[in-house]
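Undergrad: what shape does this take:
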Amino acid sequence: MDLLTQLQRLCAVARQVGAEEIMPRYQKVVAEKKHDGSLFTEADLAAQQALQRLLPAIVDCPVLGEEMSQAEQEALWRDHPEGLWVVDPIDGTTNFAHGLPYFAVSIALMRQGRPQLGVVYLPVLDECFSAAAGTGAWLNQQRLPLVSDDKTLSDAVASIETKWLSGHLAARVVTVGPFHNHRNFGASTVDWCWLAAGRTDVLLHGGQKLWDYAAGVLILLESGGVVGAIHQPDYWQENPWQRSAVAARTPALYESWRSWVRQNR
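TA: Numbers count the residues shown, from 1 in each chain. Next comes the predicted model:
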């Protein structure tokens with residue numbers, strides 16, 4: 001089965017999980033706190049169990065999910081470099097639990113530490129972002145990016161999560177950021193996709209987990225975007241469990257944005 005056929009099947013799985021496990025529970029479940037203070041619901045667990053059941057039929061390899069213990073996650077990552085599904089059953093659980101429609105199912109197939117397939121599905125909007133390495137990226141049936149222009153950094157809309165930035169950089173971004181305006185919607189997987197689509201222009205995050213970026217970074221790269229890290233240009237040399245991101249939807253925007261971040265970190 002080639003990558004594009006696998007990608008089509010992966011989109012179908014994401015839609016199925018959204019329709020059968022997530023949306024019937026939307027605005028109907030109570031959130032609980034995990035040990036790290038983040039929220040989870042029975043919908044997160046049901047969606048993860050469905051993905052663990054369905055994904056090996058596409059590519060027969062283990063599934064690493066956010067709703068596993070850290071020890072399980074690290075063992076899977078260490079022991080299966082040749083093939084591993086990485087999933088976030090509901091990215092944006094806080095939004096989901098509060099009735100905010102900005103959340104998604106995220107699925108990536110990783111080989112040798114890099115994503116080969118990526119799907120991010122927003123069930124409320126019925127938007128399925130997808131990419132296969134070396135072939136391109138799509139929103140539903142439309143190829144990304146959706147917009148093409150020569151916007152400058154001063155006109156850009158930035159997607160920024162300040163929580164994981166250093167105090168100095170976070171303060172500089174908020175007070176003297178070089179962009180037109182900034183947004184933070186609370187779901188990293190979707191932030192990558194909206195950047196790829198041109199709904200935002202640049203992105204900054206101080207440290208994402210594996211499942212936060214696995215699918216989304218592939219979708220951005222295959223749409224023509226560029227990504228680096230805060231303290232080094234090579235994004236893939238960062239710690240996979242706490243990976244910072246400096247990204248933009250075009251090379252020109254990336255150079256301007258990366259230069260500003262480097263000077264203000």
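Undergrad: number of nearby residues for A47?
TA: Counted with other C-beta atoms under 10 Å, the burial measure for A47 works out to 25 neighbours. Every C-beta, even on glycine, is put in place using the N, C-alpha and C of the backbone.
Undergrad: could you do K33 as well?
TA: Counted with other C-beta under 10 Å, residues neighbouring K33 total 9.
Undergrad: and it, bridged to which residues?
TA: K33 has the following beta-bridge partners by DSSP bridges: L39.
Undergrad: and for G228?
TA: Here G228 sits in beta bridges with V246, going by DSSP bridges.
Undergrad: can you dump the C-alpha atoms of stretch 152-172 in PDB for me?
TA: The C-alpha trace of stretch 152-172 is given here as PDB (Å, rounded to 0.1, in the frame of the first residue of the first chain):
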ATOM      1  CA  THR A 152       5.900  41.000   5.800                       C
ATOM      2  CA  LEU A 153       6.400  40.200   9.500                       C
ATOM      3  CA  SER A 154       4.900  43.500  10.600                       C
ATOM      4  CA  ASP A 155       1.600  42.400   8.900                       C
ATOM      5  CA  ALA A 156       1.700  38.900  10.300                       C
ATOM      6  CA  VAL A 157      -0.700  37.200  12.600                       C
ATOM      7  CA  ALA A 158       1.300  35.100  15.100                       C
ATOM      8  CA  SER A 159       0.300  31.900  16.900                       C
ATOM      9  CA  ILE A 160       2.100  32.000  20.200                       C
ATOM     10  CA  GLU A 161       2.000  29.900  23.400                       C
ATOM     11  CA  THR A 162       3.700  32.000  26.100                       C
ATOM     12  CA  LYS A 163       3.400  29.400  28.900                       C
ATOM     13  CA  TRP A 164       6.600  27.500  28.000                       C
ATOM     14  CA  LEU A 165       8.700  30.400  26.900                       C
ATOM     15  CA  SER A 166      11.500  31.900  29.000                       C
ATOM     16  CA  GLY A 167      10.300  34.900  31.000                       C
ATOM     17  CA  HIS A 168      12.400  37.400  29.000                       C
ATOM     18  CA  LEU A 169      11.200  36.100  25.600                       C
ATOM     19  CA  ALA A 170       7.600  35.800  26.800                       C
ATOM     20  CA  ALA A 171       7.600  39.400  28.000                       C
ATOM     21  CA  ARG A 172       9.200  40.700  24.700                       C
END
